Structures are given as structure tokens and as C-alpha cells.
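Undergrad: Fold the following.
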Amino acid sequence: MARTEATFKIGGDLTVNRLGFGAMRIVGKGVWGEPSDASEAKRVLRRAVELGVNFIDTADSYGPEVSERLIGEALSPFAKGLVIATKAGLTRQGPDKWAPVGRPEYLTQQVEMSLRRLKTDVIDLWQLHRIDPKTPVEESLGAIAKLQKEGKIRHVGLSEVKPAEIDRARKIVDIVSVQNLYNVGDRSHEDVVQHCEKHNIAFIPWFPVAAGKLARPGGKLDEVSKRHGATVSQLSIAWLLHRSPVMLPIPGTSSAAHLEENLKAADISLSDAEMKEIETAAAQ
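TA: I've put the predicted structure just below:
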């Protein structure tokens with residue numbers, strides 16, 4: 001059987017259970033505005049922690065501001081060992097609309113606002129949501145390095161980057177995580193996964209569940225998942241956990257029942273043969 005580690009140390013000192021929770025879906029449609037049921041959103045957050053999740057990922061742009069605020073209201077003061085990661089660098093112009101801004105003064109402002117909404121004195125993991133093509137990354141991360149020295153940020157990560165960009169960023173500040181689009185059906189960032197493995201950098205795959213043709217009933221993923229008494233979603237997450245020891249999947253949901261279903265993916269053991277079978281099916 002392919003061996004999977006249950007935990008990973010982000011930055012060498014923050015031990016988290018590898019299956020976390022992504023808080024993008026606890027806000028309104030289009031990642032915009034308030035959720036239809038704020039009390040249910042908070043219940044999902046609290047339930048995640050009750051079930052052993054100690055890594056929650058959010059961003060100032062989710063809502064915007066809404067996801068961070070709900071986390072602060074539901075979970076602050078944070079329990080010992082609970083790691084909250086957030087991001088800044090994407091601005092919002094409406095539902096499903098995003099634009100990068102990496103100016104140092106803007107990012108500094110957003111860190112201060114994140115601290116206020118999350119009701120905390122330090123952000124465990126702050127991530128640059130996108131590199132702004134109009135602002136040199138040295139300027140963006142220079143401001144973040146200053147905040148890190150002030151004790152407002154513990155660790156720093158990136159999102160949607162390639163190895164050369166990671167190496168460039170590491171010249172300014174230590175990079176402990178990378179968050180890119182990645183799942184069994186979209187492995188275009190395979191080079192980044194390998195780069196993260198080499199440098200023991202956490203790789204946080206967003207959109208972790210296979211979709212479209214790959215997830216259809218009767219397909220190969222459906223067949224393998226039924227062998228394990230699991231859903232295709234659970235199998236997709238289990239594949240990520242087996243794929244690399246630095247992989248930290250963060251499936252998100254606004255439903256407590258769906259949350260519990262997702263977390264059961266950690267109990268699925270896949271053989272090397274099954275891993276290859278799943279990957280072959282995804283490549284077809």
C-alpha cells in the first residue's frame with residue numbers, strides 16, 4: 001500500500017493534520033457577499049475543528065472580508081494548535097471577479113485588516129494570493145517580510161506560481177507553502193509539486209476534487225471508489241493525500257454533512273496499483 005503521513009509541519013514548526021478545510025464556500029454565491037445562513041457557516045467551522053481539522057485556509061477576498069470575519073466570530077480565540085492561513089493580493093469587483101493588486105501599502109493594509117477580522121495578534125500563514133504583474137514581487141514581499149519581523153505574520157506562502165517564481169520569492173522571504181490548482185484531472189502543476197517536495201514546502205491544492213467527465217457515474221474513478229465504499233469526491237481527496245507527503249488538501253463546503261463526508265477520505269488506503277489505475281483513467 002502507498003504510505004501516507006497523517007501530519008505535516010508547515011515551516012518546520014506548525015504541525016497540522018494534512019486534510020484541512022478551505023473556507024471559500026462559506027460565503028455567498030460567486031464567492032461574494034454573505035452566506036445564506038451565517039449560523040450554519042459558523043457551525044461548519046466549529047464542526048471541522050471538533051472533527052480534528054487544525055488547518056483552515058481563507059482569504060481576505062472571500063466575500064470579500066466575510067470568510068475571515070466568520071472564522072474570527074466562530075473560532076477566536078483560536079485553540080492551541082489550530083492554524084489559520086489567509087491570503088491577500090486579489091481584489092474583488094463583483095461575483096466571480098478578481099484582479100491582482102500587490103502594492104506594498106495595499107498588502108500591509110490588508111494584513112492589518114485580516115488580523116482585526118480574525119481577532120488574532122499573528123497570522124500563522126499569510127499567502128500572496130497572486131503575483132501582481134504591475135508590481136515587482138520584491139516590493140510586494142518586502143512589505144510582508146517587514147510585517148513578519150514585527151511578529152504579525154509567522155510564515156509566508158504563495159499561490160498560483162511556478163518553480164522559478166518560488167525561487168525568486170525565496171530570495172526575499174522564506175516560502176513555506178504554495179497553493180495552486182491541482183487535482184487528479186488537472187496536473188499541470190506537477191513540476192511545482194516536485195519542487196515543493198524537494199524543498200519540503202507545503203503544497204496546498206485548490207479545487208482538489210475531480211470534476212466533469214472524470215467524475216461521471218460509471219467511470220473508472222466511480223468504479224474504484226465503489227470498491228472502497230466511497231464517493232468519487234472522497235477518492236479524489238484520498239489520491240491527493242497519497243500523491244505526496246507535502247500535499248495538504250483543503251476541500252471546502254458550506255454543509256456540515258458534506259464536511260464529514262470529505263474528512264472520511266483520510267481513512268481510505270490506496271495501493272500503488274490503484275494509484276496508477278486512477279492516474280491512467282484521468283489521463284484518458
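
Undergrad: just checking, Phe55 touches Ala202?
TA: No. Taking contacts as CB atoms under 8 Å, Phe55 lies outside contact range of Ala202: 9.2 Å. (C-beta placed from N, C-alpha, C; glycine too.)

Undergrad: For the two, list the residues in contact with both.
TA: Ile10, Leu248 (CB atoms under 8 Å, 6 or more residues apart in numbering).

Undergrad: If you count surrounding residues, which of the two has more?
TA: The residue with more neighbours, out of Phe55 and Ala202, is Phe55; 29 against 25, by other CB atoms under 10 Å.

Undergrad: what residues are up against that one?
TA: Going by CB under 8 Å, 6+ apart, the list of residues near Phe55 reads Ile10, Val16, Asn17, Gly20, Phe21, Val83, Ala85, Leu248, Ile250.

Undergrad: 7 Å instead?
TA: Going by CB atoms under 7 Å, 6 or more residues apart in numbering, Phe55 touches Val16, Asn17, Gly20, Val83, Leu248.

Undergrad: residue boundaries of the strands in the stretch 51-200 of the chain?
TA: 55-57, 83-88, 90-94, 97-100, 123-128, 153-159, 175-181 (DSSP state E, counting those that start in this stretch).

Undergrad: any chance of the ones you listed in CSV, plus mean pLDDT and distance to Ala143?
TA: Formatted as CSV, these follow (pLDDT from 0 to 100; distance: least, CB to CB, whole Å):
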stretch, mean pLDDT, distance to Ala143
strand 55-57, 98, 21
strand 83-88, 98, 11
strand 90-94, 98, 16
strand 97-100, 98, 15
strand 123-128, 98, 10
strand 153-159, 98, 10
strand 175-181, 98, 15
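
Undergrad: Show the residue spans covered by the helices in the protein.
TA: Using DSSP state H, the helices found in the chain span residues 38-50, 66-75, 104-118, 137-149, 163-170, 190-199, 220-227, 232-243, 256-263, 272-283.

Undergrad: quick one, which of those helices is packed in tightest?
TA: helix 232-243 (a mean of 25; mean count of other CB atoms under 10 Å).

Undergrad: now for that helix, which elements pack on it?
TA: helix 220-227, helix 256-263, helix 272-283 (3 or more CB pairs under 7 Å, 6 or more residues apart in numbering; DSSP states H and E).
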